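Asks: fold the following.
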Amino acid sequence: MKIASPHPTAYLSKEFERFAENECKDASPFYHNLSKQIAGDEALLRLCAFVKEGQPVPNAFLAAIHFLILKNRQASLANYYPSLTGQQTEAIPFALFKTFIQEHQQQITALLQQRIVQTNVLTRCNYLLPAFSSILSLTNGPATIIDIGASAGLNLNFDCYEYYYNGEKRFGNSPVKLHCQTKGEKIPAIKPFNNPIRKIGIDQHPIDLTNADDLTWLQALIWPDQTERFSMLKEALQIPELSQIELTRSSTIADFKNLIEAVDPGDTLIVYATHVLYQFTDELLHAFYNLLDAIGQTRDFYFLSAEATDAVRLKWGIANTAVVLTTYKNKYKQEELIAETNGHGNWLKWH
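Replies: Have a look, this model is predicted:
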């Protein structure tokens with residue numbers, strides 16, 4: 001059986017340590033403790049090498065285990081997963097965790113080789129809404145918004161949710177209620193807009209919500225102790241407007257080019273990507289940015305990205321996720337750091 005990852009276990013160990021300390025420490029005690037233990041286990045790290053190349057190893061590996069827990073709710077290990085019990089648990093018996101993995105190793109390997117990390121983190125809409133409303137408020141005309149790496153497309157329904165900043169309701173009436181804390185003096189402005197919006201999601205493997213395994217995978221990508229996200233997901237899946245989103249299977253620059261160029265020239269065009277571009281190879285990323293620049297010579301549009309790679313953070317001189325708005329207008333390109341946030345978008349420092 002071919003191992004997909006070229007990384008040695010020493011590298012993978014550091015990845016789990018980094019994931020634990022940088023992403024989970026203040027957000028998920030459950031995954032923080034588990035990742036620290038996985039980082040020191042040679043056998044589990046060897047299994048992690050089957051994660052598809054280009055995918056974030058800790059996220060993919062832990063989601064594969066979570067997927068099987070959700071499918072095997074009678075397993076002893078399921079009694080320790082908050083996503084099933086509704087009770088917060090910071091640590092689980094590691095021996096029991098390893099036993100579960102040994103018993104399901106073949107299934108885990110198959111998941112790691114087939115699945116990709118494609119989370120719909122609804123609270124990322126906390127920065128999408130103010131950014132998009134600022135653009136859309138400039139005109140009452142039609143708009144097209146394209147999400148690159150859309151998964152199930154739930155974040156494209158940014159205008160169908162209810163928003164609270166620092167506990168104060170600021171927008172919407174919806175069963176999906178998103179909360180955000182702000183840092184610094186600025187609170188993001190949400191400007192009124194009433195544009196007809198065409199919503200398009202691009203993904204190399206769009207989530208098929210009529211497929212039980214696809215739906216379980218979407219749930220498995222949620223961190224088990226962030227239980228409020230499961231209820232938000234359940235509510236978001238019931239939003240009627242979800243059926244109006246156009247999901248398309250695309251993965252090449254040619255696909256992106258054809259889709260974007262087919263958008264009506266009279267539409268306000270917004271293209272965005274949240275925590276997706278880090279999965280691109282250097283060659284693909286370079287080609288993608290060249291494509292955006294080329295399109296910017298033929299029409300006005302906006303590109304919004306939220307990424308936390310070392311290169312992005314170094315460029316903007318921040319330690320967190322950079323939310324960057326690139327405006328292409330009259331063949332001129334302007335980049336602006338509009339916010340800092342974390343991977344889940346549950347706090348913002350607006351610029």
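
Asks: contacts, neighbours, all on C-alpha from now
Replies: OK.

Asks: show me where the stretch 101-250 of the chain has helices.
Replies: With DSSP state H, counting those that start in this stretch as the criterion, the stretch 101-250 of the chain has helices at 105-114, 125-136, 212-220, 227-236.

Asks: and residue 194, which of those is closest to it?
Replies: Set against residue 194 and scored by CA to CA, the helices of the stretch 101-250 of the chain come closest in helix 125-136, at 7.9 Å.

Asks: phi and psi next, for the nearest residue to residue 176 once chain neighbours are set aside.
Replies: With sequence-adjacent residues excluded and distances taken as CA to CA, 6 or more residues apart in numbering, residue 176 is closest to residue 161, at 5.2 Å. Dihedral angles phi and psi of residue 161 (degrees, to the nearest 10) take the values phi -110, psi 170.

Asks: so residue 161 sits right up against residue 179, yeah?
Replies: No. Using CA atoms under 8 Å, residue 161 is not in contact with residue 179; the gap is 10.6 Å.

Asks: what helices or strands is the helix or strand containing residue 270 leaning on?
Replies: In this assignment (DSSP states H and E), residue 270 forms part of strand 268-274. Using 3 or more CA pairs under 8 Å, 6 or more residues apart in numbering; DSSP states H and E as the contact criterion, the neighbours of strand 268-274 among helices and strands are strand 143-148, strand 301-307.

Asks: residues near residue 13, how many?
Replies: Residues contacting residue 13 under the criterion other CA atoms under 10 Å number 23.

Asks: element containing it, please.
Replies: Element membership of residue 13 [criterion: DSSP H and E] is helix 9-18.

Asks: now the element after that helix, going C-ward?
Replies: Later in the chain than helix 9-18, the nearest helix or strand by DSSP H and E is helix 29-38.

Asks: middle-most residue in this structure, spatially?
Replies: Against the mean C-alpha coordinate of the chain, by CA atoms, centre = their mean, the closest residue is residue 119 at 4.4 Å.

Asks: roughly how far apart are the nearest residue to it once chain neighbours are set aside and residue 26?
Replies: Of all residues not flanking residue 119 in the chain, residue 221 sits nearest, at 5.9 Å (CA to CA, 6+ apart). Residue 221 sits 18 Å away from residue 26 when distances are taken as CA to CA, to the nearest Å.

Asks: neighbour count for those two, which is higher?
Replies: The residue with the greater number of neighbours, taking residue 221 and residue 26 and applying other CA under 10 Å, is residue 221; the counts read 23 against 10.

Asks: picking that back up, indicate which one of the helices and strands packed on strand 268-274 is closest to residue 134.
Replies: Ranking the helices and strands packed on strand 268-274 by proximity to residue 134 (CA to CA) places strand 301-307 first, at 11.5 Å.

Asks: okay, the helices and strands packed on strand 268-274 in TSV with mean pLDDT next?
Replies: Listed next are those as TSV, based on pLDDT from 0 to 100:
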stretch	mean pLDDT
strand 143-148	97
strand 301-307	98
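
Asks: could those strands go into a markdown table alongside mean neighbour count and distance to residue 226?
Replies: Converted to a markdown table, these look like this (neighbours: other CA atoms under 10 Å; distance: least, CA to CA, whole Å):
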| stretch | mean neighbour count | distance to residue 226 |
| --- | --- | --- |
| strand 143-148 | 22 | 24 |
| strand 301-307 | 22 | 21 |
